[in-house]
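1. Give me a model of this one.
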Amino acid sequence: MGLPISYHWRNLLVRKTTTLLTLLVVAVVVGVFTWMMGFASSLTRSLAVASDETKLLILKRGATAESNSAIPIEDFNRLNQLSAIVRDEDNIPLLSPEMMAQVSLPRARDGGATFANVAVRGVTAAAFKVHRNVKLLGKGFTTGRREVIVGQAAAKQFAGLNVGDTIGLGYGSDRGYKVVGHFSAGGGPMESEIWGYLPSLMNAYNRKTYSCASLRLSDDADSAAAIERIRGPAIQLEAKTERQYWQAQSAGIRRYLTVAYALVAIMSVAAIFSIANTMFSTVAGRTREVAMLRTIGYSQWRILTGFVFESILLTTVGGIVGCLACVAWLSLVGNTKDMFGATNFTTLAFEIRVTPAIVLWSLLSVVAVGVIGSLIPALRAARTPVVSALRAP
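-> Modelled structure (predicted):
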């Protein structure tokens, strides 16, 4: 026969101070852990969208990102030699010339106290065929006007990007472009960008060359062979698949996540010691009680599992509080965040989402911490000799 649940619950309530302090430690650890898991999962999901193996990004040799690349028009035209490029119904290759620039915009979440570089991409109609995951949400820009469309993530994260707003673009930020619509990109990196008509933006930024190009290969094409052809003497440009490009851009972000996980691990160790300390103090104050339980027939195994169950109960409640606190915090301060790219000098905006899978993983992790922290004191309690325990003061 096992000890009743009410027995363990009352024991936690009797020791209110130690129980509350342990709950707070567990809640903080779980809250931070849940936030980090949501952060990492959302960022990974955003980058995973940009993993189309049939789409190649073309840069100038030696360039590390679209923003520091410059492709002369005559070099761009040589890309038409590729036989693996998909062609549309008019036999025009799906090849998109593009220009990249940045504009500094205030973050919406802090009322404009901080600014970030937002990518501005000049495109033509071909871009919407090459970047298949980009979907217009309403009106698109008109080629003969100073108009732009904005990604959903950028519109949420940065101020002044609502439909009808005007933003200053160009070499001196002196040319007003009206936001006429938004677009989605499946939650990928392009949702952090501003798009406008290529010739208009090239003129505004006084550009004579393209920054980069994007092209779409046929489904049966060998992407490695196409990349080698582009790198070869006939074209002499750098090419990467979309996955390769964004993996390189997110290298610094992955290092940041590694450091963050290390901090969470340290906090988890602190939680283990806090739980162990609580359980040790519990055992010390209940020596005679444990002896009485042994006397009336409860086995060492029952007492051991009882103390571990108390720890699981304690950590589960703390874990639930931590998860709820994380969700409340994201609701209060906003769940749209951005990360700065070390090589492209622009920010990647994304939404942190706490999914049921993340909550489940957080709770399972904290229960494991509770079991580890309580095992040694629970063994000590179960192995206490009955006679010596009854003689204890």
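
2. Got the domain ranges for this protein?
-> 5-48+252-391, 55-220 (automatic domain parsing).

3. Quick one: closest of those to residue 244.
-> Proximity to residue 244 (C-beta to C-beta) singles out domain 55-220 among these, at 8.4 Å. Yep, even glycine has a C-beta here, placed from its N, CA and C like the rest.

4. Can you point out the buried residues in the strand or helix carrying residue 74?
-> If you go by DSSP states H and E, residue 74 is part of helix 73-77. Within helix 73-77, the residues that qualify as buried are 75-76, counting by 16 or more other C-beta atoms under 10 Å.

5. Now do it, average pLDDT.
-> Per-residue pLDDT values over helix 73-77 give a mean of 93.

6. Let the chain start at 44 from now.
-> Let's use 44 as the start, then, which means that last one is helix 116-120.

7. distance between it and the chain's centre?
-> Relative to its parent chain, helix 116-120 has a centroid offset of 37 Å by C-alpha atoms, centre = their mean, to the nearest Å.

8. Quick check: mean pLDDT of the helix or strand following that helix?
-> Later in the chain than helix 116-120, the nearest helix or strand by DSSP H and E is strand 138-149. The pLDDT scores in strand 138-149 average 93.

9. Who are the packing partners of strand 138-149?
-> strand 158-166, helix 170-173, strand 209-212, helix 241-247, strand 255-259 (3 or more C-beta pairs under 8 Å, 6 or more residues apart in numbering; DSSP states H and E).

10. Please work out which of these is packed deepest.
-> Highest mean neighbour count of the helices and strands packed on strand 138-149: strand 255-259, a mean of 24 (counted as mean count of other C-beta atoms under 10 Å).

11. what packs against the very next helix or strand once past it?
-> As assigned by DSSP H and E, the chain's next helix or strand after strand 255-259 is helix 266-274. Applying 3+ C-beta pairs under 8 Å, 6+ apart, we find helix 266-274 packed against strand 98-102, strand 281-284.

12. who touches the first one?
-> Which is strand 98-102. 108-109, 112, 114, 119, 122, 173-174, 255-260, 266, 269-270, 273, 280-285, 288 (C-beta atoms under 8 Å, 6 or more residues apart in numbering).

13. With adjacent residues omitted, what lies nearest to the residue most central in space within the chain?
-> The centre of the chain sits closest to residue 86, judged by C-alpha atoms, centre = their mean, with a distance of 2.4 Å. In space, and not counting its chain neighbours, residue 86 is closest to residue 393: 5.8 Å by C-beta to C-beta, 6 or more residues apart in numbering.

14. hang on, the earlier thing: and the helix or strand containing the residue nearest to the centre of the chain, how far out from the chain's middle?
-> Under DSSP H and E, the secondary-structure element containing residue 86 is helix 59-92. Centre-to-centre, helix 59-92 and its host chain are 14 Å apart (C-alpha atoms, centre = their mean).

15. quick one: residue 419 and residue 69, what's the gap?
-> 18 Å (C-beta to C-beta, to the nearest Å).
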